[in-house]
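Q: got a sequence here, can you model it:
(one chain, ligands or ions: 1)
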Amino acid sequence: RRKRDGKRYPPGPSPLPLLGVAHLMGGTTPWAVFTNWKAEYGDIVYFRQFGQDVVVLNSEETIRDLLEKRSSNYSDRMYMSTREPYGLNFDTVFHPHNETWRAHRRIAHQGLREHHVDIYQPTQLRFTDALVKNLETSPDHYHSHFQRFAASVVLSAIYDHDVVDDDDPILKAVVEALNILVRVQTLDNTILNNVVPFLKYTPTWLPGGWRNVTEGRLKTERMLNLPIEDLKKKIASGSAGQSVALESMERFGNTNKVPGFEEVVKGACCSLYAAASETTSSTLMIFLLAMVKNPGVQQRAQEEIDRVLGPDRLPEFSDRSSLPYIEAVWRETLRWSPVAPLGIPHSATNDDVYKGWCIPKGTIVIANVWSISQDPKKYSSPTSFQPERFLDDKGGLTDDLPAYAFGFGRRICPGRHFANNSLWIVIARLLANFKFESDFVRSGGDVKWLTAATFVPEPFPCRITPRRSH
Ligand code: HEM
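A: Numbering: from 1, shown residues only. Below is the predicted model of the structure:
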């Protein structure tokens, strides 16, 4: 047990001078390293990296004790020297725990709360149909079709903007900005930038030129402004349909309670898009990988759809409760490989003591979701994709919801109900419409994984063939 300044800190690895614990991180999968540390150090692990205190929580109990039961102290985010220069102060995801963040959460909650979010089901269905058509026409481009689905469905719900094609100026603006910002805001890069701030001036033509701050800021501003300007034109012409942005502009505009409400709405809505697009398309990549690796699961899911709906009818939202196996496939997709295995780190507002250990003010607190989703005590053979684990003896659903994939406490993902609807309908309709196969994956081909905004498989060779005639 370590002591510093007479205080006891949780157990953990000893850092090396300069390197910290970087040499122990196991490349791109720190969550697996943290999970292994559980055996050595326990449910709560402490280390220092470049002078920054970090605590990793390796069990659902410790996560809920701190991030939920003591949420007033554990709902902040770490200081990021990149926020201001890159124009990222608007962003909900990394926003400090303050009044503006609360206004963002109100906007997100009002627009995307459970059941209310069902008003977007027709939009989700429409873009699912477009995805099915795109997969029929060019199945090899499945990855860009998934990205297009994720972007379209959320741009439509948030701004009432319909993406027409890949040259859509709003789509281009947000994709270009996010390509940079996602890399700028990774935990590694944030800590590096906090220590070496001049890195952000790297000229665009040098390696690492993506860090260039002038370029980054311009792109952020376009991403923030274009969709809301477009919406304002629609409002002026009376053609604006239902959207989260419109709802909140009207509400805040009418009550006028929030000073500078337009900036707040702009920031909150842009953050929703940024947080939604990559997580949604990455989850579809995980689903696809699970299906090609597990043809038996795929077949059982398709048999359920055919048995319940008959050979001609496609799943509708209203069929959800009649398709427990499909529901179990969706839950297992979230559990098997969470797209954010470490969630998004929280930060401690004040000094705290937990189980006798000191957690200093400013500590980065990481909820290791991987340690829950891969816990062999909770899930037998956790690396296997087994939707049955969410079913009881009678084939009904258990109470186990892998809600941990959406984070914890006051910071819990406000888009989870929207994501739940989007992804359920896509999973159900893709299984109804297509057979997914991959000789590459089945013969043990090496699927590469990317870690940036999400942990996601890179596109792999896959055959997607229709299984129904229309
Ligand atoms: C499968 C899809 C998704 C997953 C797995 C996911 C997961 C997460 C996680 C783990 C967090 C961090 C929570 C924490 O700090 O404890 C988060 C935050 C957030 N998510 Fe999601 N998300 C998904 C989809 C969406 C969608 C569709 C939206 C919007 C429509 C969205 C909007 C947000 C926002 C705005 C935050 C920041 C919340 C804050 O810091 O207060 N997410 N999400």
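
Q: neighbours around Val153, how many?
A: For Val153, the count of nearby residues is 29 (other C-beta atoms under 10 Å). The C-beta positions use only the backbone N, C-alpha and C, and glycine is treated the same way.

Q: these two touch, right, it and Ser422?
A: Yes. The criterion here is C-beta atoms under 8 Å, and Val153 meets it with Ser422 at 5.5 Å.

Q: mind listing what Asn212 touches?
A: By C-beta atoms under 8 Å, 6 or more residues apart in numbering, the contact set of Asn212 is Lys200, Tyr201, Thr202, Pro203, Thr204.

Q: okay if I get those residues as CSV plus neighbour count, distance to Ile191 and secondary structure?
A: Converted to CSV, those look like this (neighbours: other C-beta atoms under 10 Å; distance: C-beta to C-beta, whole Å; DSSP: H, G, I helix; E, B strand; the rest coil):
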residue, neighbour count, distance to Ile191, secondary structure
Lys200, 19, 14, helix
Tyr201, 11, 18, helix
Thr202, 15, 17, coil
Pro203, 11, 23, coil
Thr204, 12, 23, coil
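
Q: ok so, going back, look up the residues that both of Val153 and Ser422 are in contact with.
A: Common neighbours of Val153 and Ser422 (C-beta under 8 Å, 6+ apart) are Gln124, Thr280.

Q: and which of the contacts of Asn212 is nearest Arg148?
A: Thr204 (27.3 Å; C-beta to C-beta).

Q: tell me the pLDDT at that closest one?
A: Note for Thr204: predicted pLDDT of 88.

Q: what's the burial count for Arg307?
A: 12.

Q: so what touches the host helix or strand of it?
A: Using DSSP states H and E, Arg307 maps to helix 295-309. With contact meaning C-beta under 8 Å, 6+ apart, helix 295-309 is reached by 290-291, 315, 319, 322-326, 329, 385-387, 428, 431-432, 435-437, 467.

Q: which of these fall in strands?
A: Lys435, Phe436, Glu437 (DSSP state E).

Q: what sits against the nearest residue to Ser337 once chain neighbours are set aside?
A: In space, and not counting its chain neighbours, Ser337 is closest to Ile286: 4.9 Å by C-beta to C-beta, 6 or more residues apart in numbering. The contact partners of Ile286, taken as C-beta under 8 Å, 6+ apart, are Thr333, Trp336, Ser337, Val339, Val456, Pro457.

Q: just the buried ones from the contacts of helix 295-309?
A: Buried members of these, counted by 16 or more other C-beta atoms under 10 Å: 290-291, 315, 319, 323-326, 329, 385-387, 428, 431-432, 435-437.

Q: residues touching Pro341, list them.
A: Thr29, Trp31, Asn368, Val369, Trp370, Ser373, Phe455.

Q: what's the neighbour count on Val244?
A: 26.

Q: show me what contacts it?
A: Val244 touches Ile107, Ala108, Gly111, Leu112, Ala157, Ile158, Tyr159, Cys269, Leu272, counting by C-beta under 8 Å, 6+ apart.

Q: what does it show for phi and psi?
A: Recorded main-chain torsions at Val244 are phi -60, psi -40, according to degrees, to the nearest 10.

Q: per-residue confidence at it?
A: 95.

Q: and what of Ala39?
A: 92.

Q: other SSEs contacting the helix or strand harbouring it?
A: Following DSSP H and E, one finds Ala39 within helix 30-41. Where contact means 3 or more C-beta pairs under 8 Å, 6 or more residues apart in numbering; DSSP states H and E, helix 30-41 is packed against strand 44-49, helix 369-373.

Q: what residues of the helix holding Arg307 count as buried?
A: Val297, Gln298, Arg300, Ala301, Gln302, Glu304, Ile305, Leu309.

Q: for stretch 270-277, same thing?
A: Residues of stretch 270-277 classed as buried: Cys270, Ser271, Leu272, Tyr273, Ala274, Ala275, Ala276, Ser277 (neighbour count, 16+ other C-beta under 10 Å).

Q: apart from its neighbours in sequence, what residue is nearest the third one?
A: In this structure, Leu272 finds its nearest non-sequential neighbour in Ile158, 5.3 Å apart by C-beta to C-beta, 6+ apart.
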